[in-house]
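Visitor: okay, sequence plus prediction incoming.
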Amino acid sequence: MRPAQGATGGAVGAAGGSRLGWLDALRGFAALMVAFHHFELVDLLPSPIGGAIWWHFDFGLYGVMLFFVVSGYIIPASLERRGDVRAFWIGRIFRIYPALIVGIAVSIMILPEGDGAVAVFRTGHDLISVVANGTMLQDFLGVVNGLAVTWTLCYEMVFYFVVTALFTMNWHRRSGPIAVGLAAVALLFGTSIATMQLTGNIGQVRNLVAAAVLVMVMGLACVLSGNAVLTRTGALLLAGLGLVLVINNSRAPAFETWMIFATMFAGTVVHRAEHGQTERIQAWFCLGFVIVAGAAVGWIYNRNGMESNTWTAGWIAWTASYLGAWLTFGVGMALRKRRFPKVLTWLGAISFSVYLLHNPILHTLRPLVGVPPLPTTGPGKLLWTAEFLLVTVLASYLLYRLVEIPFQNLGRRVTKAVEARWPAQPLDPDAGSKPTGRGGTADPVEPAARVPAPAAREPEAEPSAPGGAGVRA
């Protein structure tokens, strides 16, 4: 999830009663669902109940898809509100990488060698692993994820690439047709698996990683240059890199891969309809098709469950979880003007840290408390659940407070310094479109960092998801 967000004005933007409180609440809830998925909460229930839930609903898929909808809703809006591609990418880098690096470092320190929850420096090919995970494209490069959950960040990164390219070409308002087209691809090519078409052995993996790094460095250098022509060139390079890797080297069935991107762009459609950037009737048709396609691909391509290389127990679990994510987003949006419980908005603030740390913490605590086995009934079950949640939340808050907030603030200072020294050229008179209506943006991977700030200041909007949190190992 993955997982899937602002500082100076964050206290205003993320408060339970603010216009962005509902997004924080959704992120916090999604983070809990993913944590419970890895915690295998259903296994702690009496077997008939736990088994029935497992076959009919997947908490991990549900949480991840909810993260992706939120990312789609807010990330393009964040870029368009700024109208500055360079500032957007500086914000992304300082928002995601520091927490990710520290999260991996902490995981390496607390987990024994051989534990699958962390793989950086444990694959036998350390340099390739570090470099590939540094691109946040490792899942499309044939390289094991540094943290098992960070596969979702790869989808987020490709989404950033494509959204940036669309913005620089002034095509960013075409979210509806893009979402419909991606959902159609998922329906038509759902069983194809492109895994390892570009990679097959360590030599090929090394070559692909090197090529991807060169293209990505060139693309980001152009995007960060502030020159209009170079910015557009770099954005197209990045989008091309992402699409080539997804098409040729995804390790997931096509219906999963393309429905993830369709879902994110469908989230963008919701934002555009809400702010008068597209007609409501068009938005409803686009959303209806994407949601129906997301439910249908489960029945069409996932009837064998785990045998089809996917993450759910079968098509019922896939479809129910996917529809559940959209239903939850819809309920949150309907209640967006209401005050949400502070515990949920606070959990949304630390959701990216929860996303990074919950699985390593789970793997660390299990042997310490003698799990498994665990009694299926009695106080032992409740005690174990409470311990897991308490340690995860405390550790995530520390990562958020000591790493996320300081580096988000540093990113803002860097942005101001760079802009003062090398002002960015406008891309196009119409490219940096300003959102209409009630506007306001947040961050998809993490919520707005809450630090003291003047109450009247507009909340910053920068990013799992990642947004999002991760499920599939």
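Guide: Ah, there it is.
Visitor: sort out which residues of the helix or strand where C286 lies are buried, please.
Guide: Assigning secondary structure by DSSP states H and E places C286 in helix 280-301. Using 16 or more other Cβ atoms under 10 Å as the test for burial, helix 280-301 gives 283, 286-287, 289-291, 293-298, 301. In short, each C-beta sits where N, CA and C put it, glycine included.
Visitor: turn these into a markdown table, columns for distance to A119 and pLDDT.
Guide: Output for those, formatted as a markdown table (distance: Cβ to Cβ, whole Å; pLDDT from 0 to 100):
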| residue | distance to A119 | pLDDT |
| --- | --- | --- |
| A283 | 41 | 93 |
| C286 | 38 | 95 |
| L287 | 37 | 94 |
| F289 | 38 | 97 |
| V290 | 33 | 96 |
| I291 | 35 | 96 |
| A293 | 33 | 95 |
| G294 | 30 | 93 |
| A295 | 33 | 92 |
| A296 | 34 | 92 |
| V297 | 29 | 90 |
| G298 | 29 | 85 |
| Y301 | 28 | 83 |
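Visitor: can you name the two of those residues that are farthest apart?
Guide: Using Cβ to Cβ, those reach their maximum pairwise distance at A283 and Y301, which is 26.7 Å.
Visitor: ok, so of the buried residues of helix 280-301, who is nearest P423?
Guide: Distances from P423 to these, taken as Cβ to Cβ, are shortest for A283 (36.0 Å).
Visitor: could you find the closest non-adjacent residue to the closest one?
Guide: Nearest residue to A283, sequence neighbours excluded (Cβ to Cβ, 6 or more residues apart in numbering): A273, at 3.5 Å.
Visitor: what about the one you found, distance to H172?
Guide: As judged by Cβ to Cβ, to the nearest Å, A273 and H172 stand 15 Å apart.
Visitor: could you point out which element follows the helix holding C286?
Guide: Next along from helix 280-301, by DSSP H and E: helix 315-334.
Visitor: report the mean per-residue pLDDT for that next one.
Guide: The average of the pLDDT scores along helix 315-334 is 93.
Visitor: list the buried residues of it.
Guide: 315-326, 328-329, 332-333.
Visitor: ok, now stretch 114-121?
Guide: Neighbour counts over stretch 114-121 (16+ other Cβ under 10 Å) mark D115, A117, V118, A119, V120 as buried.
Visitor: and that stretch, how far out from the chain's middle?
Guide: In terms of Cα atoms, centre = their mean, to the nearest Å, the centre of stretch 114-121 is set 21 Å apart from its chain centre.
Visitor: please apply the same query to stretch 351-365.
Guide: 15 Å.
Visitor: stretch 61-72 too?
Guide: Distance of stretch 61-72 from its chain centroid, counting by Cα atoms, centre = their mean, is 7 Å.
Visitor: again, but for stretch 388-401
Guide: Relative to the centre of its chain, stretch 388-401 is centred 19 Å away, using Cα atoms, centre = their mean.
Visitor: pull that stretch out as CSV, backbone CA atoms only.
Guide: Extracted in CSV, the C-alpha atoms of stretch 388-401 (Å, rounded to 0.1, in the frame of the first residue of the first chain):
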residue,chain,number,x,y,z
PHE,A,388,1.7,-6.0,17.9
LEU,A,389,-0.4,-2.8,17.4
LEU,A,390,1.2,-1.0,20.3
VAL,A,391,4.8,-1.6,19.2
THR,A,392,3.9,-0.9,15.5
VAL,A,393,2.2,2.4,16.3
LEU,A,394,5.0,3.6,18.6
ALA,A,395,7.8,2.7,16.2
SER,A,396,5.9,4.3,13.3
TYR,A,397,5.3,7.5,15.3
LEU,A,398,9.0,7.7,16.0
LEU,A,399,9.9,7.2,12.4
TYR,A,400,7.3,9.8,11.4
ARG,A,401,8.4,12.4,14.0
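Visitor: for this protein, longest helix please?
Guide: As assigned by DSSP state H, the longest helix anywhere in the chain is helix 85-110.
Visitor: please identify the buried residues of it?
Guide: Under 16+ other Cβ under 10 Å, the buried positions of helix 85-110 are 85-96, 98-104, 106-108, 110.
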